[in-house]
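1. predicted model, plus sequence, below.
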Amino acid sequence: MFRFVSLILVFAAMPLQAAPRHAGLVEPSLHLASKHGLTPRVALTLDACTGGTDKRILDVLVENRIAATIFVTARWLKRNPQTLAVFKAHPDLFELEDHGRDHVPAIDRAISVYGIKAAGSPEAVFSEVDGGTAAMMAAGLARPHWFRGATAKYSPDAIAQIEAMGYRIAGYSLSGDGGSLLGAKVTAHRIANARDGDVIIAHINQPTHAAGAGVAEGILALKKKGFAFVLLHDAAEPPKVKAVRSAAAME
């Protein structure tokens, strides 16, 4: 009894900790709409944030006629006109959507997520989203219907703002490559073990990362299993929003 009371006194004496800086952020999840049938389906979504093009992935998609939804930033479009031409040449395979102007998180307060400084205000969120769309249309692409912000984490008010602008938020149900930071073997295993209805997120802009080889291998494994690859625009259910579980890894 004395020990129990002592523990109470110790905890009572501890200073209260401030709420995490990332409290209140949300991370939308997304699955494919239910469809009864024998063929399992996944939606492959690939982020083209900044940098170049991973031809290991692109070649697999084109050669095997794998459909994918590509989220492009204005910065990536400017640096990759040849890949853009490939996407345009295969409109039946590729759906291009908005990943923002500068690849900053769509969060309307001054924080950083995974070391990336957030937009910081509603005005900056608007500029990030609208700037991405403007760049896409200037490149001869159709006006996008989906938006995915950098880090795929948002403040609730920013989600409402983006939806009011006419976009759907592109969540996901399976992280294939851990932000392109996982090894090839782990990445391939994750993607190869996708379930019917998963929306997979991975990256196509890091040609020097080992994860890209795993993305390509995982895609081929799903094809061998008989999975169909579908685009978001004709298959996705309304996104579900969940709170971000941990802020510790976001500094």
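-> Nice, thanks for sending it over. Residues are numbered from 1 along each chain as shown.

2. in the stretch 151-251 of the chain, where is pLDDT below threshold?
-> For the stretch 151-251 of the chain, the stretches with pLDDT under 70 are 236, 238-251.

3. hey, where'd the helices end up in it?
-> Using DSSP state H, counting those that start in this stretch, the helices of the stretch 151-251 of the chain run over residues 156-164, 184-192, 211-225.

4. got the contact list for the first one?
-> This points to helix 156-164. Residues outside helix 156-164 that contact it (CB atoms under 8 Å, 6 or more residues apart in numbering): 24, 26, 28, 106-108, 119, 122, 125-126, 129, 147, 149, 154, 169, 241. (Glycine included, C-beta is placed from N, CA and C.)

5. chain center to it: distance?
-> Centroid separation between helix 156-164 and its chain, computed with CA atoms, centre = their mean, to the nearest Å, is 17 Å.

6. quick check: Thr69 is in a helix.
-> No - Thr69: not assigned to a helix; according to DSSP: H, G, I helix; E, B strand; the rest coil it is strand.

7. OK, contacts around it?
-> By CB under 8 Å, 6+ apart, the contact list for Thr69 reads 43-46, 94-97, 146, 170, 231-233.

8. including distance to Ala164, could those residues go into JSON lines?
-> Below are the contacts of Thr69 laid out as JSON lines (distance: CB to CB, whole Å):
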{"residue": "Ala43", "distance to Ala164": "25"}
{"residue": "Leu44", "distance to Ala164": "28"}
{"residue": "Thr45", "distance to Ala164": "23"}
{"residue": "Leu46", "distance to Ala164": "27"}
{"residue": "Phe94", "distance to Ala164": "28"}
{"residue": "Glu95", "distance to Ala164": "23"}
{"residue": "Leu96", "distance to Ala164": "22"}
{"residue": "Glu97", "distance to Ala164": "18"}
{"residue": "Trp146", "distance to Ala164": "15"}
{"residue": "Ala170", "distance to Ala164": "16"}
{"residue": "Leu231", "distance to Ala164": "24"}
{"residue": "Leu232", "distance to Ala164": "20"}
{"residue": "His233", "distance to Ala164": "20"}
